[in-house]
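> Predicted structure and sequence below. I'll ask about it afterward.
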Amino acid sequence: MFGRKLTDADGAEVEVIDPGRHNTDSGPDFFNSKIKIGGTEWAGNVEIHVRASDWFRHGHDSDPAYDNVILHVVGLSDRRIHRPDGSLVPQAEIAMPEGFYRTFLSLSSGIDSVRCGNMLAGLHSLAVTDWLESLSVERIQTKGERVAAILETTGFDWEQACFVMIARALGFGLNGEPFELLARSLPLRVLHHHSDNPLQLQALLFGQAGMLDSSLHIFDEYYQLLCREYYFLARKYGLRPMRGSMWKYARTRPQNFPHRRIAFLSKACEGGFAMFSKMTGCGSDIDALRGLFSWRLDGYWHDHFSFDTEARSAADTLSEASVTLLIINAVAPLVYAYGSMRGDYDMAERALDILSMLPAENNIITREWGALGMRASDALRSQALIHLRKEYCDTRKCLYCRFGHLLLRKAVAAD
C-alpha cells in the first residue's frame with residue numbers, strides 16, 4: 001500500500017524485496033522476508049507495531065523468537081529496539097495520511113452491511129471484475145470443502161454425499177440445517193431397500209424428520225398409516241428421529257413448507273437414489289441437469305401443504321427458480337469437488353461453466369448489490385456477490401477485501 005521503498009530511523013533506504021509469509025500464529029508477523037537496507041540484503045523476520053514501545057509491552061524483549069527480526073515497522077517511532085547482543089534493530093516509521101484514516105474509519109464503523117457502498121463507483125471496472133472472478137472461485141472452493149467434509153463422514157460414498165447436499169439445498173437456506181441432519185440420519189442402503197414403495201419412503205423420511213406422532217391428526221388416515229409404517233421400520237433399522245422443533249416455518253408460504261420439500265426428496269429416492277452418477281454424466285447440459293429435478297408430486301401431496309392442511313392450488317413440480325437454486329447449491333459444488341479430488345481439472349472447470357450458464361439469483365443480497373451498481377449477469381457473478389457480502393462485509397473483513405484495500409490505496413495516493 002505504501003510502496004516497496006521506505007526509510008529507516010537512521011535515514012537509510014529500505015527496500016522490500018519479498019515480504020515473506022504472513023504469520024498468523026505466535027512469533028514475528030512475517031517470516032522469511034528479504035529486505036535491502038542501505039545496499040545490504042538481509043533475510044529474516046519482520047515485526048509490525050502501532051508504536052515501537054509495543055515491543056516491550058508485548059514482551060518481545062525477553063522472547064528469543066524475536067532475536068532474528070531484521071526490520072521493525074511502526075506507526076510511531078517512540079523507542080529504539082536493541083537485540084540481546086546490543087545491536088539496533090532497523091526501524092522504519094510509516095506515517096498514515098489523514099485520508100487513510102478517514103477511509104479506514106468509514107470502512108470500520110457504521111452499521112451498514114456494505115460500508116463502502118458510496119465509494120464503489122470510483123473503482124476501476126477491471127479491478128471490480130478481477131475481484132469478483134476470484135470471489136466466484138473462492139465461493140465454489142468453500143462449497144467444495146463442505147462436500148469433502150460430508151464425504152469423509154459417509155465413508156467416501158459419493159451418492160450418500162450427494163443425497164445430503166441435495167437435501168440441504170431443498171431447505172433453501174431457512175431449513176438447510178435440519179434437512180442436512182435428516183439426510184445424514186438415513187443411510188441410502190435403508191432407503192434403497194424400500195425404493196419401490198413410496199409409502200415406506202415417505203414414512204422413513206417424515207418419521208426421521210420428527211414429524212410423525214400417532215396422537216396427532218387422528219382423523220388423517222394417510223398420516224396414521226405413515227406413523228404405523230415408521231414405527232415398524234424404526235425398530236427394524238434402529239432409527240432415532242430428530243427433534244421436530246428444528247423445522248422453521250416463520251414467514252414461509254404454505255407451498256414452501258418443509259413437508260412438501262420432504263415429499264420431493266422422497267420422489268428422488270423412488271427407484272433408487274442415483275443422482276450423483278446421473279449429474280456427472282450430464283456434462284454442462286443445463287437442460288439435462290434441470291431434468292434431474294423434474295419430480296412430480298402425486299397422491300396425498302398433490303393437494304396438501306402439510307398434514308391435515310389441504311392445498312387447492314399447489315404446484316406439483318418445483319419451480320424453475322427452485323431448480324436453478326438446486327443446481328447452484330448442490331450440483332455445481334458436487335461436480336467441482338469430484339473433479340478437484342480426482343485431479344480432473346476439466347470437470348472442476350465444468351462446475352464454473354454450469355454457474356455461468358444459469359441466471360443470476362434474485363435475493364436480498366443481490367438486490368442490494370444491484371442498487372449499488374453491481375448487477376449480476378449470471379449465477380457465477382451472483383455467487384461472487386453473495387460470498388463477498390457474507391464472508392467479507394458481514395464479518396467486517398474490509399482490510400482483506402480487494403475493494404477495501406483499493407480504496408485505502410487511493411486514499412494514500414490522494415494525500
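Received the coordinates, thanks.
> Which helix runs longest in the protein?
Longest helix in the chain by number of residues (criterion: DSSP state H): helix 125-153.
> Tell me which other helices or strands that helix touches.
Using 3 or more Cβ pairs under 8 Å, 6 or more residues apart in numbering; DSSP states H and E, the elements in contact with helix 125-153 are helix 158-170, helix 332-342, helix 345-356, helix 379-388, helix 402-414. For every residue, glycine as well, the C-beta is placed using N, CA and C.
> In CSV: those helices, plus mean pLDDT.
Rendered in CSV, the data for the helices and strands packed on helix 125-153 read as follows (pLDDT from 0 to 100):
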stretch, mean pLDDT
helix 158-170, 98
helix 332-342, 97
helix 345-356, 96
helix 379-388, 98
helix 402-414, 89
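> Using CSV, please lay out those helices together with distance to Tyr300.
Shown next, in CSV, are those (distance: least, Cβ to Cβ, whole Å):
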stretch, distance to Tyr300
helix 158-170, 18
helix 332-342, 31
helix 345-356, 34
helix 379-388, 34
helix 402-414, 51
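> Same list (these) but as a markdown table, adding mean neighbour count.
Shown next, in a markdown table, are the helices and strands packed on helix 125-153 (neighbours: other Cβ atoms under 10 Å):
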| stretch | mean neighbour count |
| --- | --- |
| helix 158-170 | 24 |
| helix 332-342 | 22 |
| helix 345-356 | 18 |
| helix 379-388 | 24 |
| helix 402-414 | 17 |
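> of all these, which lies closest to Asn32?
helix 402-414 (22.7 Å; Cβ to Cβ).
> Can you tell me what sits against the closest one?
Outside helix 402-414, the residues that touch it by Cβ atoms under 8 Å, 6 or more residues apart in numbering are 1-2, 97, 99-100, 102-104, 107, 116, 119-120, 122-123, 127-128, 130-131, 134, 392, 398-399.
> Out of those residues, which end up buried?
Buried members of the contacts of helix 402-414, counted by 16 or more other Cβ atoms under 10 Å: Phe100, Thr103, Phe104, Leu107, Cys116, Met119, Leu120, Leu123, Val128, Trp131, Tyr392, Cys398.
> Contacts only, for the third one.
Contacts for Phe104 (Cβ under 8 Å, 6+ apart) come out as Leu408, Ala411.
> ok, now how distant is it from Ile94?
14 Å (Cβ to Cβ, to the nearest Å).
> angle of the host helix or strand of Gly99 against helix 402-414?
Element membership of Gly99, judged by DSSP states H and E, is helix 98-108. Here the directions of helix 98-108 and helix 402-414 differ by 160 degrees (axes from the mean of the first three to the mean of the last three Cα atoms, to 10 degrees).
> quick one: average pLDDT of helix 98-108?
Mean pLDDT, computed over helix 98-108, is 86.
> What's the per-residue pLDDT of the residue nearest to Trp158 when sequence neighbours are not counted here?
In space, and not counting its chain neighbours, Trp158 is closest to Phe276: 4.9 Å by Cβ to Cβ, 6 or more residues apart in numbering. Phe276 is assigned a predicted lDDT (pLDDT) of 97.
> Where does Phe276 sit: helix, strand or coil?
Following DSSP: H, G, I helix; E, B strand; the rest coil, Phe276 is assigned to helix.
> Run through the residues that contact it.
Trp158, Glu159, Ala161, Cys162, Leu334.
> Please tabulate those in TSV, including the columns distance to Leu205.
Formatted as TSV, the contacts of Phe276 follow (distance: Cβ to Cβ, whole Å):
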residue	distance to Leu205
Trp158	21
Glu159	16
Ala161	18
Cys162	16
Leu334	21
